[in-house]
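Q: A predicted structure for the sequence below; I have some questions about it.
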Amino acid sequence: ATVLDLCCGTGEAAAPWLAAGFSVTGLDLSPLALALAARRHPSLKRVEGLAEEPPFQDESFLAVQLSVALHEFPRREREMVLRQSLRLLKPGGWLVIVDLHPAGPWLRLPQQLFCALFETDTATSMLEDDLPSQLQKLGFTAVKQELLAGQALQRLTAARPSIDAPSP
């Protein structure tokens with residue numbers, strides 16, 4: 001079973017998949033991050049490339065993961081990444097996203113400070129957008145959102161339909 005970890009960085013988010021016996025391919029733009037990933041997680045297959053234009057064939061993966069990476073992309077590129085994820089998934093395959101979410105009252109100020117200090121306006125724009133409905137518009141089904149860490153993080157799961165519905 002093959003999993004694609006988009007923007008895999010040093011491979012930390014791929015580690016649980018590897019431990020569970022999945023074959024994982026990590027894609028990242030940074031040769032440095034991929035070199036670190038190679039040392040930390042030797043079984044991770046590593047590919048240097050852009051998440052907006054991943055060099056893989058259609059329907060290559062059972063799951064695609066984006067772990068705290070999607071907020072780095074401007075809206076247009078974010079949509080490209082999500083479209084590519086759909087293209088790369090086998091029918092019935094799953095997209096798993098963990099990323100920022102507008103925090104609940106206790107964490108709202110710390111999150112705003114964090115974004116102001118460490119993140120670009122792309123993070124802020126993602127916090128303004130409704131990701132679950134965006135996923136549905138792009139053609140994903142079974143979209144589910146869970147809020148974690150005082151709502152400051154969200155985990156989204158969405159499936160590529162088993163049988164592609166006919167286009168309207």
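A: Thanks, I have it.

Q: for residue 24, which residues are in contact?
A: Listed by CB atoms under 8 Å, 6 or more residues apart in numbering, the contact partners of residue 24 are 2, 3, 4, 5, 14, 17, 18, 43, 44, 45. C-betas here are computed from N, CA, C, even on glycine.

Q: what strands flank whichever strand or helix holds it, and is each parallel or antiparallel?
A: In the assignment (DSSP states H and E), residue 24 maps to strand 23-28. Pairing partners of strand 23-28, with direction, according to DSSP bridges: strand 2-6 (parallel), strand 45-48 (parallel).

Q: could you check the pLDDT of residue 18?
A: Here, the pLDDT recorded for residue 18 equals 93.

Q: are we agreed that it is in a helix?
A: Yes - counting by DSSP: H, G, I helix; E, B strand; the rest coil, residue 18 is part of a helix.

Q: tell me which residues touch the closest residue to residue 99 other than its chain neighbours, please.
A: Setting aside the residues directly before and after it, residue 99 is nearest to residue 70 in space (CB to CB, 6 or more residues apart in numbering), at 4.9 Å. Neighbouring residues of residue 70 by CB under 8 Å, 6+ apart: 78, 81, 82, 97, 99, 126.

Q: hang on, the earlier thing: Throw the strands paired with strand 23-28 into CSV and include mean neighbour count, thanks.
A: Shown next, in CSV, are those (neighbours: other CB atoms under 10 Å):
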stretch, mean neighbour count
strand 2-6, 25
strand 45-48, 16
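
Q: flag every buried residue along stretch 88-97.
A: 88, 89, 90, 93, 94, 95, 96, 97 (16 or more other CB atoms under 10 Å).

Q: now, which of those sits nearest residue 65?
A: Nearest to residue 65 among these is residue 96, at 4.8 Å by CB to CB.

Q: ok, that closest one to residue 63 distance?
A: 6 Å (CB to CB, to the nearest Å).
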